[in-house]
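> Sequence and computational prediction follow.
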Amino acid sequence: MKNIPDSNAIGSIMFLMVYTRPDIAYAISCLSRYMSNTGPPHWEVLKWFLRYLNGSANLRIMFSKCSKGVDLTGYVDSNYANDRDSRRSTTSYIFTLCGSCITWKSQLQQIVALSITEAEYIAATEVFKEALWLEGLVKEVGSLKQKITIFSDSQSAIQLCKNPIFHD
C-alpha cells in the first residue's frame, strides 16, 4: 500500500464515486481536499475508506419501474461553514426518479455564507437549477405527470424562496 501514491488511490475512488457509489461522495470530497499536502492522518483515513469499500462491495442500487407515472423528487441540505480551512458551506442534494437515485451532488459552495439561512438558500438555488435541467430531460425522454417535489429541512430558506420581498 505504501508504494501507491495517495493521489492515485483517491483518483481511483473518485471513479467509483462518479459512476457507481453516490454514498461516498461527501467523504471522498473531504479527503480529496488534502491531496496536495497529505500526511499520515490522511493515509489512515484512506486505508479506513478502502476497508469500508471492501466491506460494502456487495451492496447495490436497485432501480424500480414507475407504477404511477413519472415521479421526480429532490432532497437538498447544506452544512453551514463546515470546511475548517475556508469556512465555506457544503451543498448536498439527491434526485430520485420513481424512488431510484438518478443524480446527486456534494460540493463546497463558491462563496462564504454569512448565515445558515444564506447557506441553505444557496443550496436551494443549486437544486432548483438541477431540477429545471432534469425536468427538460425527463420531458424529452418520457412524460412528467406531476410537478417536481423538492424537500428541504430549512424553514427559513423555504420562506425566503417563497416570498420575493425577502430577496434584498
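Everything's here; your move.

> Contacts for the worst-scoring helix or strand of the chain on mean pLDDT next, please.
Least confident helix or strand, the chain: helix 6-19 with a mean of 75, by mean pLDDT, DSSP states H and E. For helix 6-19, the external contacting residues (Cβ atoms under 8 Å, 6 or more residues apart in numbering) are 24-25, 28, 31-32, 35, 38, 42-43, 46, 49-50, 53. Any C-beta I mention is one placed from the backbone N, CA and C, and that applies to glycine too.

> ranges for the strands of the chain?
72-79, 90-97, 100-108, 149-152 (DSSP state E).

> Now render those as CSV, adding distance to Cys161.
Converted to CSV, these look like this (distance: least, Cβ to Cβ, whole Å):
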stretch, distance to Cys161
strand 72-79, 11
strand 90-97, 14
strand 100-108, 19
strand 149-152, 9
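
> From the chain's centroid, how far away is stretch 110-125?
15 Å (Cα atoms, centre = their mean, to the nearest Å).

> Give me the contact list for that stretch.
Residues outside stretch 110-125 that contact it (Cβ under 8 Å, 6+ apart): 76-81, 86-89, 91-93, 109, 150, 152, 154, 156-158, 160-161.

> circling back: now, the contacts of helix 6-19 that are in helices?
Ala25, Ile28, Leu31, Ser32, His42, Trp43, Leu46, Phe49, Leu50, Leu53 (DSSP state H).
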